[in-house]
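S.K.: Following is a predicted model, sequence given first.
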Amino acid sequence: EDQVTQSPEALRLQEGESSSLNCSYTVSGLRGLFWYRQDPGKGPEFLFTLYSAGEEKEKERLKATLTKKESFLHITAPKPEDSATYLCAVQFAGGTSYGKLTFGQGTILTVHP
Amino acid sequence: SAVISQKPSRDICQRGTSLTIQCQVDSQVTMMFWYRQQPGQSLTLIATANQGSEATYESGFVIDKFPISRPNLTFSTLTVSNMSPEDSSIYLCSVSSSRNYNEQFFGPGTRLTVL
């Protein structure tokens, strides 16, 4: 069964303290891996798409990387406004539901000033 | 990216009633999806809303419980029928990007509480 697992469940950082979030997946074939940010009471906000091992994407203080079995979301010198839940989702090749995203449970990030 | 709106943003409903949630996009999109996010959980796909044909439902979701309409390329509705407290969730629509069909953008969600 295709699964997506995120760790840690929650992460508390001091402002400026860099860290990484992990997303591991077991899928028969990867079409794409997606990172989203979700603030309380809002829908997920699209961040990145990764398609192949070795690929990297950057946006401000965030950098996403992909290997054959996992992805990392690196947060460099975070600020309190980076506090949110970060969701990883996988789209797998094959199956009958084209476009279906399978989500992990998310990592709740809190950045203290 | 497309601007997506949902109505209502939240509602409190009685057991046994039904609620229809609307999703409106400001541009034509190829694919629209409906997801559910139960309290403390992540998102689960309910169905793909197909324009001009019946929706494609995921395992565990049935048309009688979650009828979906998609009359055109910018609008879809999801109805939650014969509600029970277990249906209390956030319901989200998403659309595929016109630039990249694999990328999805989400609406703000509808928070449903069933008493």
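M.R.: Here it is on my side, so go on.

S.K.: Please pick out the residue of chain B most distant from its centre.
M.R.: B:Arg99 (22.0 Å; CA atoms, centre = their mean).

S.K.: per-residue pLDDT, that one?
M.R.: The model reports B:Arg99 with a pLDDT of 78.

S.K.: For chain B, what lies in contact range of chain A?
M.R.: B:1, B:4, B:31, B:33, B:35, B:41-45, B:48, B:56, B:58, B:92, B:94, B:96, B:100-109, B:111 (CB under 8 Å from any CB of the partner chain). From N, CA and C alone the C-beta is placed, and that goes for glycine too.

S.K.: Mind listing residues that contact stretch B:12-19?
M.R.: With CB atoms under 8 Å, 6 or more residues apart in numbering or on different chains as the test, stretch B:12-19 has contacts from B:11, B:79-85, B:112-115.

S.K.: of those residues, buried ones?
M.R.: By neighbour count, with 16 or more other CB atoms under 10 Å in any protein chain shown, these hold B:80-81, B:83, B:112, B:114 as buried.

S.K.: for A:Pro80, phi and psi?
M.R.: phi -50, psi -30 (degrees, to the nearest 10).

S.K.: which residues touch it?
M.R.: So A:Pro80 contacts A:15, A:111-113 (CB under 8 Å, 6+ apart).

S.K.: By neighbour count, which of the residues you listed wins?
M.R.: A:Val111 (21 neighbours; other CB atoms under 10 Å in any protein chain shown).

S.K.: Show me what the strand or helix carrying that residue pairs with in its sheet, parallel or antiparallel.
M.R.: Taking DSSP states H and E as the definition, A:Val111 sits inside strand A:107-112. If you go by DSSP bridges, strand A:107-112 pairs up with strand A:10-14 (parallel), strand A:84-92 (antiparallel).

S.K.: As a check, name the ranges of all strands in chain B.
M.R.: Taking DSSP state E as the criterion, chain B carries its strands at B:4-7, B:10-13, B:19-25, B:32-37, B:43-49, B:56-57, B:68-72, B:75-80, B:89-96, B:104-106, B:110-114.

S.K.: Could you find the residue nearest the spatial middle of chain B?
M.R.: B:Trp34 (3.3 Å).

S.K.: hang on, isn't that residue packed against B:Asn50?
M.R.: No. B:Trp34 is beyond contact range of B:Asn50, at 11.6 Å (criterion: CB atoms under 8 Å).

S.K.: for A:Trp35, what are its contacts?
M.R.: A:23, A:47-48, A:50, A:62, A:64, A:71, A:73, A:86-89.

S.K.: and what of A:Thr67?
M.R.: A:53-54.

S.K.: returning to that earlier point: can you tell which of the strands paired with strand A:107-112 is closest to A:Gly106?
M.R.: strand A:84-92 (4.6 Å; CB to CB).

S.K.: Find the residue closest to B:Gln6 in space, skipping its chain neighbours.
M.R.: B:Gly107 (4.4 Å; CB to CB, 6 or more residues apart in numbering or on different chains).

S.K.: Now do the same for that neighbour: its pLDDT.
M.R.: 97.

S.K.: Noted, bye for now.
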